Every structure is written in C-alpha cells, then in structure tokens.
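Visitor: Sequence isn't available, so here's the structure alone:
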DNA sequence: GCCAACGTTGGC
DNA sequence: GCCAACGTTGGC
C-alpha cells in the first residue's frame, strides 16, 4: 500500500464536499499534469491512503483522510467534453491523454495540520509539499510522514 | 492581488 | 532541439 498527498482548492472541492457525495466518492477529474497522471497510472492502487490537502486558501494544510477507491486509473471523461474547462482537443477516445482515479472519504482530522506546522516539524522536513516551488497536485508521501501527520491531526 | 517557480507551447 | 513567451499554481 502506498501513501499520497492530494491537493484541492476548498472553494472548488473541499473535504466536506467529498464527504457529502453519494457513496462519499468522487472521480478525481481535471488532473492535467503528466507527472501527476503518471502517478495515478503507474503507482496508485485501490486502498492507497491519501492526505487530503486544502490549497489556495486562508489556512493551507492537510484537513483529513481519503483513499483510492477505483481499481486503477481510467480515462477522465472531461477531456472529451468540449463544454468542460478540462476539454483537451488532442485527446481521443482511442487515445485518451488524461486519467483519473476515484477518491473515497475517510475522515476529518480533529485538528487540521497546517502547512506552517509541517514546516516547523523536523520529522516532516523532507516532505515534498514544503519543498520550494513544488506545485504537483498529487505527491507521493512516505509512510512515516503519513503516520506522523495523522498523529498531529489527532487521527489514529 | 502579487509574484516566484515551474510547465507547456510553438516558432525557428 | 532550443528557448522565449505565455499560462498556471499556490503561498503570502
């Protein structure tokens, strides 16, 4: 099993939104970065654990947990939809360019683990999310880091 | 709203 | 294949 950090802007789609979806599940569409896509395609498996991170907001940080709920990555339907913001004219059904996975809600942390807390904690100094210029919306996370974030967040 | 950092595009 | 121009991300 692997561990991930996935970013979302809470104004667009928050952990609350994921919790209130039917089945507490959501296809994670709109990923348009090759590195992030390759993580989904090559490395993600059903049951992988996810730190759900709120970005571009007042208090950026990990607000809770989710998990990968699809067996594998599959084509993101928004790439074929000319009305979608995520439409990609170069993608075809025979040769889809973009993939997604389903995400399932697990829990809210008792206390969100803020970006500044992560920066201040020496044990988390190697996390990608605090590396300068790091913008990837899907990042691999080491197990020890995952567990420590959970501990700070008050989630076993 | 600003802007640094980074990814992508496209002319050559 | 280079690289300037442009667009996006995301903290502040």
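Guide: Perfect, thanks for sending it. Source: prediction; values computed, not measured. Residues are numbered from 1 along each chain as shown, chains lettered A, B, ... in the order given.

Visitor: Can you get me a residue count around the residue of chain A at minimum distance from DNA strand B?
Guide: As assessed by CB to the nearest atom of the strand, DNA strand B sits closest to residue A:133 within chain A, at 2.0 Å. Where you see a C-beta, it was placed from the backbone N, CA and C, and this is true even at glycine. Taking other CB atoms under 10 Å as the criterion, the count of residues near residue A:133 is 4.

Visitor: pLDDT at the residue of chain A positioned farthest from its centre, what is it?
Guide: Ranking residues of chain A by C-alpha distance from their mean position (CA atoms, centre = their mean) puts residue A:94 at the top, at 26.7 Å. Among the per-residue scores, residue A:94 shows a pLDDT of 86.

Visitor: neighbouring strands for the helix or strand where residue A:52 lies, and are they parallel or not?
Guide: When elements are defined using DSSP states H and E, residue A:52 is found to belong to strand A:49-54. The strands beside strand A:49-54 in its sheet (DSSP bridges) come out as strand A:3-8 (parallel), strand A:61-68 (antiparallel).

Visitor: so where's the longest strand in chain A?
Guide: The residue-count maximum for a strand in chain A (DSSP state E) belongs to strand A:102-114.

Visitor: State the three-state secondary structure for residue A:26.
Guide: On the three-state scheme (DSSP: H, G, I helix; E, B strand; the rest coil), residue A:26 is labelled strand.
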